[in-house]
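Enquirer: Show me the folded form of this:
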Amino acid sequence: MKKPIDDDIDIGYYDAINMRSQSEPVMADFYRISIKIDYTDRSLEIPKPITAIFFSSPDMLNGWDVEPNYTGMYVQLSKKLIEENRFLFKTYLDYGQHEALYLTQTEVDEIRTIFDLMFKYYKSDKKSFGVLLSYVNVLISVVEAFYNRQFSTNPKQYNRIVSDFQQNLKDYYNKPVKQLPNVQYFADQLGLTPNYLGDIIKHFTNKSALENIHEFVILRAKDLLEKNNLMNNTEVAYELGFEYPNYFSKFFKKQVNLTPKEYREQINNKIQ
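Expert: As a prediction, the model looks like this:
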């Protein structure tokens, strides 16, 4: 690869003649977005050429053994550039290696058009850096739309992830807990990154993973308040994994518009 023009962003086209086809795992300190056209995917049961976008996050070990016969483009972004312009970038940059985005020919043509414009401003002077960054944002946003299309195209694959998440949430409270569950915990259980899990849950439930967790905690809290009159609010809070009972009361009030005490009184009045 040629030396990048800029330390924070590098854009280029794959050159089959100069490709290194094999490498032991190496660790980079930048994000990489790769658009590979007619790339032979050897991870498939029957290897075949695919056209897809792949992501490599910083500090991930990544080796390869490929046939250097594909074409495509790549964008490499420093962590500094992304952190300084986080509002321009999307969560899927942190999907890790869990989800390649398979492209249709129409999508390839659209990305190629955007990429050609990016490359034009990449080669120009620093005065055009703002325009270049804007085109990078357009590319990122277009890819997000393509991901939503992919999620909708093969719902069975993703419904399994949603059902596993929901089952793990139930299982979490089938044993004594010491803290509230969080998205990172369930992502680890499923072997996924939090952003990848969160985007799938949001796509199929129209609520974030955290909102799903909070809804489940509230249902569990209501159940305890209704059926366990011998448990006071402090005991209910600890049973749910809250470290501080006062936080449980504020959380419950925000979600239900009643304090735990008011909710329990309301239920008891209805029973009477």
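Enquirer: Please work out how many residues are found near T104.
Expert: The tally of other residues near T104 (other CB atoms under 10 Å) stands at 13. Yep, even glycine has a C-beta here, placed from its N, CA and C like the rest.
Enquirer: Could I get the full set of helices for the stretch 151-272 of the chain?
Expert: Taking DSSP state H, counting those that start in this stretch to define them, one finds helices in the stretch 151-272 of the chain at 155-172, 183-190, 194-205, 209-227, 233-240, 245-256, 260-271.
Enquirer: looking at those, which is closest to W64?
Expert: Evaluated with CB to CB, the helices of the stretch 151-272 of the chain place helix 194-205 nearest to W64, the distance being 21.2 Å.
Enquirer: Can you name every helix or strand that the closest one contacts?
Expert: Applying 3 or more CB pairs under 8 Å, 6 or more residues apart in numbering; DSSP states H and E, one finds that helix 194-205 makes contact with helix 129-153, helix 155-172, helix 183-190, helix 209-227.
Enquirer: Now do that helix against helix 155-172, angle only.
Expert: With axes from the mean of the first three to the mean of the last three CA atoms, to 10 degrees applied, the angle from helix 194-205 to helix 155-172 works out at 110 degrees.
Enquirer: Paired strands for the longest strand seen in the chain, with orientation please.
Expert: The longest strand of the chain (DSSP state E) is strand 30-41. Applying DSSP bridges to the sheet, strand 30-41 is found paired with strand 48-56 (antiparallel), strand 71-78 (antiparallel).
Enquirer: worst average pLDDT in the ones you listed?
Expert: When the strands paired with strand 30-41 are ranked by mean pLDDT, strand 48-56 comes last with a mean of 86.
Enquirer: what pLDDT, on average, does the helix or strand following that strand get?
Expert: The element immediately downstream of strand 48-56 (helix or strand, assigned by DSSP states H and E) is strand 61-65. The pLDDT scores in strand 61-65 average 81.
Enquirer: show me where pLDDT drops low in the stretch 1-150 of the chain?
Expert: For the stretch 1-150 of the chain, the stretches with pLDDT under 70 are 43, 90-99, 125-126.
Enquirer: just to revisit the earlier point, right, and the helices of the stretch 151-272 of the chain - which one's nearest F146?
Expert: With CB to CB as the yardstick, what comes closest out of the helices of the stretch 151-272 of the chain is helix 194-205 (12.7 Å).
Enquirer: Kindly format the C-alpha coordinates of that closest one as PDB.
Expert: Output of helix 194-205 as PDB, limited to C-alpha atoms (Å, rounded to 0.1, in the frame of the first residue of the first chain):
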ATOM      1  CA  PRO A 194     -22.900  -4.400  22.100                       C
ATOM      2  CA  ASN A 195     -23.500  -2.100  19.100                       C
ATOM      3  CA  TYR A 196     -24.300  -5.100  16.800                       C
ATOM      4  CA  LEU A 197     -26.700  -6.600  19.300                       C
ATOM      5  CA  GLY A 198     -28.300  -3.200  20.000                       C
ATOM      6  CA  ASP A 199     -28.900  -2.400  16.300                       C
ATOM      7  CA  ILE A 200     -30.500  -5.800  15.700                       C
ATOM      8  CA  ILE A 201     -32.800  -5.500  18.800                       C
ATOM      9  CA  LYS A 202     -33.700  -1.900  17.800                       C
ATOM     10  CA  HIS A 203     -34.500  -3.000  14.200                       C
ATOM     11  CA  PHE A 204     -36.800  -5.900  15.200                       C
ATOM     12  CA  THR A 205     -38.500  -4.500  18.400                       C
END
